[in-house]
Each structure stands twice: as C-alpha cells, then as structure tokens.
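**Q** Give me a model of this one.
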Amino acid sequence: MINTLTKSNPEQLISRSWQRSQAYGLEQYFQTDPYLVSKGLLIDYQQEQAALLKHLNHLLPLFQQLQGNKPCSLLFANTEGVILYSSGADCFAGKARKIALAPGASWHERNMGTNAIGTALMEEQEVSVLGVQHFFCNNQQIGCSASPVFSPTGQLLGVVDISSEAHEHSQDMLFSARLLAQSLENALLAEQAGTYWLLNLVNHSSYTQLPWSGLIALGEDGEIIGANRIAKNWLIHLDLPHLLSTLRQGELTPVGEGMVLLSRKTQEQSSSVIKTKPFNKPKLNTAQKKALTLLNAGIPLLIQGETGVGKDHLVNLLQQQSDYPDQPLIAVNCGALPNDLIEAELFGYKPGAFTGSNKDGRLGYIRAADQGILFLDEIGDLPLTAQTRLLRVLQEKSVTPLGCHTPIPVNFKVIAASHKNLVEMVEEGIFRQDLFFRLSGYQIKLPALRDYTKPDFEQLVYKFLCQLQPNKQPAQLSKTLLDHLYSYVWPGNIRQLKQVLEVAFVLADGQLIECKHLPELPSTGTLTKADNADLATHKQKQITQVLAGCGGNVSAAARKLGISRTTIYAALKS
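**A** As a prediction, this is how the structure comes out:
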C-alpha cells in the first residue's frame, strides 16, 4: 500500500499566499518591523508546547546529522506564527536575528507576508519559500522550508522550519523539516495519555518504527486514541477490530500490500492492589515552572486557595528550585500576628522604641528576608494600617523600623497567599486595591482536593505513602479504598488526607491498607462530589432567580443575597 498526502502545486501555493499578503494590505517594498510578543506571552506559548519542544530538543542531533555544518537554523513556530525555538549554526544566527528570525517574533502571513512559516500554517502543508518568492523584499535574501506538525487527534500545533541564506538553501532541507515534523508527531502520539498499544503500519518490514511509518495509538481495549497522518491513509482500508483479533504482540503480520507490528507501550496494573510508585525529587508542573520563572525575575506571586490545599508546600518547592535556594525564606502568618505588635513584627524597631520592647531592638520579618523571599501567608488578615505601610515598603524597596527616621534598603522577592477572596475584600473596602495589584503580579489558584483528577489524586496518595516509610518498600493500598478516598469531598483538603493516611498506615500495621483501617471521617465531609456539584447548581439557580427579580441589577441582587458582585459575576460565568 502506498501512502500519500494530498498536496497543492508549489507554484499555486505561493501564488495564493501572495494574494493573501496583498489582501492583508501589506506592501512589498514597505516592510514594517516584525511583531514581537511580550516575554510573558512567549513563556506562556513555550509552556503550552513544552512536551513538543522537549522532543524537538532531543531531535537536535538528528538535525545536525542531516544538515552537517550547513549554515542554517532549525525553528519551531506555533499556530500564531510565533517562533518558540531556535537552534543552529552560529554563522547564520546573526543574520537570522537581524531579520527577527528568532524566538518571540511572529512570522504569520498577516505580519510578514509570504514566508515558509506563515504559508505552511495557512495551507497546513509543507512548503519551501526561496529568495524572491518571499513577499517582502527585505526577506528575499533567505530561503526557508517548513513542514506542519499535527497533534494525535489531527489538530495543527505549529510548523518546523529550516532557514538559511537563499544561495545556501538546498532541497534536502524540506525533507529534513518533514522528517523532524513526523518524528515529533510520532513522539507525541506514543506519549499520549491512555495509550496502551502501538500499531505500526508499513509497506515493508524494514521500515517498521521509522518516522515515515504509520502509527496508531490504541487503548487497552483496542479503541483508537490517535493516529499520525500516514496511518490515517491506512485506516480507511482496515477492518481494525478483525485485524486486532489476529495480531500477536511483537510479530510482523502481513496486511494487504504491507506489514503490521503490534507492540505494548507499558505494563499496567490489573490487580486490585494499587502499588505505590517511587517518589523522587518533586518535578514542577507547567504552572509551577511559569511561577518559578516569574519569581526569579522578581515578579510578585499571589497564591489563592482553600485552607489545606498546599500553599506553604508550593512556596517551599519554589524556593528550593529558585536561583537562590540558600537565601532566607521568611514565612509570616499575618493572621497570627498580635494586633498591637503587627508593625513591630513586620518592620522591626530600634532599642527602646516603645514600652516593653526588646532592649536590643528587633530586625523585623521584612529585613530578615533581605536577599531572599518574604512569604506573607493569610495576607487577607492584615489590618488596613499595616497594609498601607507594607505597600510603601514594596514600592520603595526600603523599610523604616519603628523609632527610626532613616529608611533601610531591602531587596527581597515577595509571595503572598490567602484563602479569602481578596477581590471581594477590595470591593468591600477592607483590602487596599493598590496593594492587591502590587502583590498579584501573577496569580496562582490552587485547586481544592475534591477537584483533583483521578490520576493526580492517586499520585498524591502515592507520594504520602512513600513518605510514611522512607528507604523501605512503599506501603500498599487497596483499590477499593483508593476509590472510596477519591469519592470523599475532603473539607480539610490535602492536610486532612495526609493525616487520614497516617492513621490508616499505623492501624494496618504493615498489612495491605484497606477500608477497615480508615479513621472515621468528619460528618462535614460526608457529601459526595456529586452532592457538592448539586449544591453549586442550586446556588447558581438561586442567584439567577434573585437577579431576575431585581431586574438584572447586580448591585441590588448582591445586597439582597448578602454576597459581593464578584461572586454573582463568577456564578453567571460558570
């Protein structure tokens, strides 16, 4: 069986692109500066494609082998044409930077006219754009070849591009771009969640497991999880259920004019006993990596979430993996500070500043955090007077201790956290709006434990069980108990789960941990997740009815319900 992809004639493709460029209002001889996204947006885009970029980095040796010492660059751009990745020969890198062929620049057709990145995105087809084929005259000294990359479900993810000076560009660069794109698609397909079996489809036995072979990802019961572009041409000719019933794992099987190889991706647990997995140094997820990048850059972080969701754990994790893990982390529970000593505790005081003060004075939490991190936990409990002074410290990067008139410079990163709705508090006038904006450079919302997905919940349980007996065989938990734990609402969140597991572990006394070892859970948490969802639906219905009775007046409805306008807006959006 010959697998082909429908392609447009290259000349027609370039012609259509020029027509679009003119329709965008672009002028060939009057090129504007390339559009550059902000550093923050670039980081967001790179985090969205983190898995793909990881695989592309692993493919760099293949690119170098294919192109040798040729003066060219390997690029990846997302669906907006924004370059997220760049690597290649130094001798071309300078030229590339001059024309903004670098991360952060958008090469979408609407910005840059006809070019390989933008045109491949618009046509969803591989293309080479050489020299004068570029719409803008300024770009006609380069040659580019790009090939699109699709997700396992067929969604366009972006393009792989190889660029060089026009006179250095060769036909094999388009082949290299295609090969790298297909390799990326296969890597993403094999890694896709739920993949249990991999089905290779080839014309000849020597082509198995190569980038240009067909690849289908299957679930444990044979359901299709995803397929690459080559495999989709096979699927229309296959009776997949019948084929799967005839295949044996690891054996090549003739099918039509080709061959099929079925392989197992992983060995999954089928027992009713859930065995814990090794838990090594914590790895940051996408949101946490973004927070770490911003923290290192000095951007304030605001962590919000219910009590017990792990706000302090996240702060410790960020500090340990930051650029300054050996510098102080000063945690301040704003809700536990004595009302009459809040400013003295935060800002410090000189000797004899007030009656009953320490004769040697006090450094204060803020000065103690110099060169490190100041963690303001439960910031919503800080009185307005202290909020005003804290705002000045954050703005001026200096602190004036009580009894002193000379500001002392300080340099620290700040993380604030609260279980309260600070937006509502701002509306009610009990939290300063300017302080809120100063603290919320980047907001992190930690989910309640009841909102965890099943895999995330299981991983958390595994982590706690591994911690219960370090350096030993991890404890085992019955699947029935795990399901029971997952169905519970957990009003105390992660903190409550950890304590429950500690009790059950002790009561199991080295045996399999089962439901009989579980301590009695508080009655406040006996609602199931379904019950909890029903309550949320009822609340939303009540808000809608009261709002309708007030003629759509949000302020009037808020007063009648005794809630803030923000809560009403949130309910209407959900």
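**Q** Which residue ranges of the stretch 401-550 of the chain form strands?
**A** Along the stretch 401-550 of the chain, counting by DSSP state E, counting those that start in this stretch, strands occupy 408-409, 413-418, 442-445, 476-478.
**Q** Return the list of strands paired to the second one, each annotated with direction.
**A** Based on DSSP bridges, the strands next to strand 413-418 in the sheet, each with its direction, are strand 301-304 (parallel), strand 373-377 (parallel).
**Q** Go through it and flag the buried ones.
**A** 413, 414, 415, 416, 417, 418 (16 or more other Cβ atoms under 10 Å). (Glycine included, C-beta is placed from N, CA and C.)
**Q** who's in contact with the third one?
**A** Under the criterion of Cβ atoms under 8 Å, 6 or more residues apart in numbering, the neighbours of residue 415 are 295, 300, 301, 302, 303, 315, 318, 373, 374, 375, 376.
**Q** just to revisit the earlier point, in CSV: the strands paired with strand 413-418, plus mean pLDDT.
**A** Below are the strands paired with strand 413-418 laid out as CSV (pLDDT from 0 to 100):
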stretch, mean pLDDT
strand 301-304, 95
strand 373-377, 92
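**Q** Could you dump those strands into JSON lines and include distance to residue 170 and mean neighbour count?
**A** Shown next, in JSON lines, are those (distance: least, Cβ to Cβ, whole Å; neighbours: other Cβ atoms under 10 Å):
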{"stretch": "strand 301-304", "distance to residue 170": "48", "mean neighbour count": "23"}
{"stretch": "strand 373-377", "distance to residue 170": "52", "mean neighbour count": "24"}
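**Q** what ranges do the helices span in the stretch 451-574 of the chain?
**A** Ranges of helices in the stretch 451-574 of the chain, per DSSP state H, counting those that start in this stretch, are 454-468, 479-487, 493-508, 529-549, 554-561, 565-573.
**Q** so what secondary structure elements neighbour the third one?
**A** With contacts defined as 3 or more Cβ pairs under 8 Å, 6 or more residues apart in numbering; DSSP states H and E, helix 493-508 has these neighbours: helix 454-468, helix 479-487.
**Q** quick one, phi psi at the residue nearest the centre of the chain?
**A** Nearest to the mean C-alpha position of the chain, by Cα atoms, centre = their mean, lies residue 286 at 3.0 Å. Reported as degrees, to the nearest 10, the phi and psi values for residue 286 are phi -60, psi -50.
**Q** re earlier: so can I have TSV of the strands of the stretch 401-550 of the chain showing mean pLDDT?
**A** TSV is the format used below for these (pLDDT from 0 to 100):
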stretch	mean pLDDT
strand 408-409	90
strand 413-418	94
strand 442-445	93
strand 476-478	86
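**Q** Nearest to residue 544, out of those?
**A** strand 442-445 (24.2 Å; Cβ to Cβ).
**Q** List the buried residues of that closest one.
**A** For strand 442-445, the neighbour count (16+ other Cβ under 10 Å) marks 442, 444 as buried.
**Q** Which parts of the stretch 151-300 of the chain are strands?
**A** With DSSP E, counting those that start in this stretch as the criterion, the stretch 151-300 of the chain has strands spanning 156-165, 197-202, 214-218, 224-227, 252-255, 258-264, 273-275.
**Q** Any idea which of those gets closest to residue 62?
**A** Here strand 156-165 is closest among these (Cβ to Cβ), at 11.6 Å.
**Q** neighbours of residue 217, just the number please.
**A** 26 (other Cβ atoms under 10 Å).
**Q** Report the beta-bridge partners for it.
**A** With DSSP bridges as the rule, residue 217 is bridged to residue 198, residue 226.
**Q** which residues touch residue 485?
**A** Neighbours of residue 485 in contact, by Cβ under 8 Å, 6+ apart: 457, 461, 497, 500.
**Q** can you pull the pLDDT of it?
**A** If you check residue 485, the pLDDT there is 89.
**Q** Same question for residue 516.
**A** So residue 516 comes in at 88 (pLDDT).
**Q** and what of the one 5 residues further on?
**A** Looking at residue 521, its pLDDT stands at 75.
**Q** so what's it closest to, chain neighbours aside?
**A** Of all residues not flanking residue 521 in the chain, residue 488 sits nearest, at 6.3 Å (Cβ to Cβ, 6 or more residues apart in numbering).
**Q** re the thing from before, could you export the helices and strands packed on helix 493-508 as JSON lines, including distance to residue 35?
**A** Formatted as JSON lines, the helices and strands packed on helix 493-508 follow (distance: least, Cβ to Cβ, whole Å):
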{"stretch": "helix 454-468", "distance to residue 35": "37"}
{"stretch": "helix 479-487", "distance to residue 35": "46"}
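**Q** Quickly, which of the ones you listed bottoms out on average pLDDT?
**A** Looking at the helices and strands packed on helix 493-508, the weakest mean confidence is helix 454-468, a mean of 84.
**Q** So which bits of that helix are buried?
**A** Buried, per 16+ other Cβ under 10 Å, within helix 454-468: 457, 458, 460, 461, 462, 464, 465, 466, 468.
**Q** those helices in the stretch 101-250 of the chain, which residues are they?
**A** 109-112, 116-123, 172-191, 229-235, 240-246.
**Q** of all these, which lies closest to residue 290?
**A** Here helix 172-191 is closest among those (Cβ to Cβ), at 21.0 Å.
**Q** outside of the closest one, which residues touch it?
**A** Residues contacting helix 172-191 (Cβ under 8 Å, 6+ apart): 51-52, 55-56, 58-59, 62-63, 66-67, 72, 74, 126, 128, 143, 145-152, 159-162, 164, 195, 198, 211-212, 215, 217, 226-230, 265.
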